[in-house]
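> Sharing a sequence plus its predicted fold:
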Amino acid sequence: MVSTALNYVNGTWKASGSGQTKESSNPADLKQEVGFYQNSTAEDLDQTVQAAKEAKKGWSKLTGAERGAFLYKVADIMEQRIDDIATTASKEMGKTLAETRGETNRGIAILRYYAGEGLRKVGDVIPSTDADALMFTTRVPLGVVGVITPWNFPIAIPIWKTAPALIYGNTVVLKPASETALTCAKIIECFDEADLPKGVINFITGSGSVIGQGLAEHPDVNGITFTGSNSVGKEIGKQALSRGAKYQLEMGGKNPVIVAKDADLQLAVDATISGAFKSTGQKCTATSRVFVEAELYDEFKDLLLKKTAELKVGDPLSDSSWMGPCASKAQLDNCMYYINKGVEEGATLLTGGNKILSDEGFYVEPTIFECEDHSQTIAQEEVFGPVIALFKTASIEQSLELANDVEFGLSASIFTTNISSMLSFIKDMDAGLVRINAESAGVELQAPFGGMKQSSSHSREQGEAAKEFFTSIKTVFVK
Ligand SMILES: NC(=O)C1=CN([C@@H]2O[C@H](COP(=O)(O)OP(=O)(O)OC[C@H]3O[C@@H](n4cnc5c(N)ncnc54)[C@H](O)[C@@H]3O)[C@@H](O)[C@H]2O)C=CC1
Ligand SMILES: O=C(O)CCC(=O)C(=O)O
């Protein structure tokens, strides 16, 4: 059934003052509309922020245990809705149902993790130089947090930003990507039914340039957490900095896989395929460059091509599909731009490179280029699609040097059985997430996540690291 998502402001579902809605469409079936969302205005945003501002005092006064009890309740409600949330997400952005179900379960686990955080320590006792004094740290919430999220993890990312914001006592205004607005509304329904106090969590849809930018610029928004493109992220950072708000940005990646001559071949090929092509390559942690030592190169390439040919691309709602379409026409066009660039700049197209079933949806073939020149566009820029640039290298040292030769530093993998190769990779690879004998994608909710170089604002999300962003430290001296 086609539905219309409303904004959620001060505990009430509400239409935008604009009276306008926009359509959310299905990238796997261009004839099917999934539903509609509110095309909100700056006035709607202001009312939403005011609701969060009014709620912050009461929410911050609750104990962590009390706030945690609400999050446990949201998790329990969401557990009853896994299929509905996952199906909506698959319809809105084309990821396979197996992946969106997994992502919903991950969202539930994140809620429970942060619910438990309400009972963990928030400070340290620090010895004072004054024998009669007690000195310690405590933490206070930022206040109102603006959460701006992308479409590629439409369930996990809104939750991994919102749950820690709430448990540490902040109130939230959440603006999801328009492509996945209905999925996010289903998540908010779980918060609504868990009866959080009014105004603690608010949800508003609309364009990035009005609602996203409006949040970044709003004087009553004390912190902004963002995941998305580098260009938008940088602007948000500048706006937040200029008015003294705290900000956290998670942006692009150009993630390498290094395959040593002593690697487990099957493992390295399977992990490369999964890292590069799951979610149609639309992960900031996706594998996009692969460096293979010469001795194993031909065997690796043959097996990679054989297994890629076996992948079934099709309807994300069908159990037999391994990879769905790109999330939108813009994403497909972007992908084709980079594929054409690869061909123009002289990389050898080994497989893929074409749109498929283009009348029905935004499908593209899993694509592999063999490259020699690491300065080529497909080796340097984030594609955000199922495209691999494959290189033969003379040594692990050369692989590592090339792996670091990009502006990003989010995640990176090495496949090797040699301990000293592992250790030099851990030490010398410039990435926030380094993985040994495991694919480049795959983030665990209890561990810090974030990038180096241009991939992030150098902050970390998830696990205990979230506390650093969502709170301010107060040093207390008592005498
Ligand atoms: N690092 C990641 O996980 C992601 C990276 N991307 C990259 O970005 C490219 C474009 O994807 P988009 O969806 O267009 O990303 P985007 O950066 O435009 O959108 C992300 C979020 O920011 C909002 N936004 C857009 N313009 C804004 C503005 N001026 N001020 C504040 N918020 C704004 C959007 O509405 C959305 O909620 C992709 O091809 C990919 O390369 C996209 C999504 C996620
Ligand atoms: O690899 C993952 O699980 C998370 C990736 C991510 O955060 C992203 O693509 O935005």
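Here it is on my side, so go on. Numbering: from 1, shown residues only. Ligands and ions are numbered 1, 2, ... in the order given.
> What segments of the stretch 101-250 of the chain are helices?
Using DSSP state H, counting those that start in this stretch, the helices found in the stretch 101-250 of the chain span residues 156-167, 181-193, 213-217, 230-242.
> helices or strands up against the third one?
In terms of contact count using 3 or more Cβ pairs under 8 Å, 6 or more residues apart in numbering; DSSP states H and E, helix 213-217 is assigned the packing partners helix 42-61, strand 144-148, helix 230-242. Any C-beta I mention is one placed from the backbone N, CA and C, and that applies to glycine too.
> would TSV of the helices of the stretch 101-250 of the chain with distance to ligand 2 be doable?
As requested, the helices of the stretch 101-250 of the chain are exported to TSV (distance: least, Cβ to the nearest ligand atom, whole Å):
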stretch	distance to ligand 2
helix 156-167	6
helix 181-193	15
helix 213-217	19
helix 230-242	12
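> need these in a markdown table with mean neighbour count and mean pLDDT, can you?
As requested, those are arranged in a markdown table below (neighbours: other Cβ atoms under 10 Å; pLDDT from 0 to 100):
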| stretch | mean neighbour count | mean pLDDT |
| --- | --- | --- |
| helix 156-167 | 27 | 98 |
| helix 181-193 | 24 | 98 |
| helix 213-217 | 23 | 98 |
| helix 230-242 | 17 | 98 |
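> hang on, the earlier thing: between the helices and strands packed on helix 213-217, which gets nearest to ligand 1?
Evaluated with Cβ to the nearest ligand atom, the helices and strands packed on helix 213-217 place helix 230-242 nearest to ligand 1, the distance being 3.6 Å.
> So is the closest one next to ligand 1?
Yes: residues of helix 230-242 are located near ligand 1 by Cβ under 6 Å from any ligand atom, namely Val232, Glu235, Ile236.
> Without its sequence neighbours, what residue ends up closest to the last one?
If the residues on either side of it in the chain are set aside, Ile236 comes closest to Ala216, at 4.5 Å by Cβ to Cβ, 6 or more residues apart in numbering.
> Hmm, Gly223 and that neighbour touching each other?
No: counting by Cβ atoms under 8 Å, Ala216 stays clear of Gly223, with 10.7 Å between them.
> quick revisit: figure out which of the helices of the stretch 101-250 of the chain is closest to Gly17.
With Cβ to Cβ as the criterion, Gly17 lies closest to helix 213-217 of the helices of the stretch 101-250 of the chain, at 13.7 Å.
> looking at it, Thr100 is touching Thr87, isn't it?
Yes: because the distance of 7.5 Å satisfies Cβ under 8 Å, Thr100 is recorded as touching Thr87.
> higher neighbour count, those two?
Ranked by neighbour count (other Cβ atoms under 10 Å), Thr100 and Thr87 place Thr100 first, with 31 against 19.
> ok, the more buried one - contacts?
Neighbour list for Thr100: Ile85, Ala86, Thr87, Ala89, Ser90, Ile155, Pro316 [criterion: Cβ atoms under 8 Å, 6 or more residues apart in numbering].
> repeat for Leu182
For Leu182, the contacting residues are Ser3, Ala5, Ser24, Val34, Gly35, Tyr37, Thr88, Glu92, by Cβ under 8 Å, 6+ apart.
> Buried subset of those residues, written for PyMOL?
Selection command for PyMOL covering only the buried members of the contacts of Leu182, criterion 16 or more other Cβ atoms under 10 Å:
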select buried, resi 5+24+34+35+37+88+92
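> I'd like the contacts of Leu182 laid out as CSV, including pLDDT, distance to Lys198 and secondary structure.
Listed next are the contacts of Leu182 as CSV, based on pLDDT from 0 to 100; distance: Cβ to Cβ, whole Å; DSSP: H, G, I helix; E, B strand; the rest coil:
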residue, pLDDT, distance to Lys198, secondary structure
Ser3, 91, 23, strand
Ala5, 98, 19, coil
Ser24, 95, 27, strand
Val34, 94, 29, strand
Gly35, 97, 25, strand
Tyr37, 98, 22, strand
Thr88, 98, 25, helix
Glu92, 98, 28, helix
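> Pick the one among the contacts of Leu182 closest to ligand 1.
Tyr37 (11.4 Å).
> Leaving out the residues flanking it, which one is nearest to that closest one?
Here the nearest residue to Tyr37 in space, its sequence neighbours aside, is Ala181; by Cβ to Cβ, 6+ apart that works out to 3.7 Å.
> Report whether the expected contact of that neighbour with Ala5 is present.
Yes: counting by Cβ under 8 Å, Ala5 is a contact partner of Ala181 at 5.8 Å.
> what is in contact with these two at once?
Common neighbours of Ala181 and Ala5 (Cβ under 8 Å, 6+ apart) are Tyr37, Thr205.
> Residues of this protein that sit close to ligand 1?
For the chain, the contact set with ligand 1 under Cβ under 6 Å from any ligand atom comprises 148-152, 175, 177-178, 208-209, 212-213, 216, 227-229, 232, 235-236, 250-252, 284, 331, 334, 382, 384.
> Mind giving me the PyMOL select for the residues you listed, buried ones only?
Buried residues within the residues of the chain next to ligand 1, by 16+ other Cβ under 10 Å, are selected in PyMOL with:
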select buried, resi 148+149+150+151+152+175+177+178+208+212+213+216+227+228+229+232+235+236+250+251+252+284+331+334+382+384
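> got the contact list for the residue in the stretch 351-479 of the chain positioned nearest to ligand 1?
Distances between the stretch 351-479 of the chain and ligand 1 by Cβ to the nearest ligand atom are smallest at Phe384, namely 3.7 Å. Applying Cβ under 8 Å, 6+ apart, we find Phe384 in contact with Asn152, Gly252, Gly281, Gln282, Ala286, Gln331, Asn334, Cys335.
> Now the fifth one, what are its backbone angles?
For Ala286, the backbone dihedrals are phi -60, psi 150 (criterion: degrees, to the nearest 10).
> residues touching it, list them.
Here Ala286 is in contact with Gly253, Asn255, Gly275, Ala276, Lys278, Ser279, Phe384, Ser440, Ala441 (Cβ under 8 Å, 6+ apart).
> out of those, which are inside strands?
The strands, defined by DSSP state E, take in Asn255 from those.
> restrict the contacts of Ala286 to contacts with ligand 2.
Here is what survives when the contacts of Ala286 are matched to ligand 2 using Cβ under 6 Å from any ligand atom: Ala441.
> Out of the contacts of Ala286, the closest to ligand 2 would be?
The closest of those, once distances to ligand 2 are taken by Cβ to the nearest ligand atom, is Ala441, at 3.9 Å.
> Okay, that closest one and Gln47: tell me how far apart.
38 Å (Cβ to Cβ, to the nearest Å).
> Between those two, which is the more surrounded one?
Taking other Cβ under 10 Å, Ala441 and Gln47 do not tie; Ala441 has more neighbours (24 against 17).
> Does the more buried one touch Ser274 like I think?
Yes: if you go by Cβ under 8 Å, Ala441 and Ser274 touch, sitting 7.5 Å apart.
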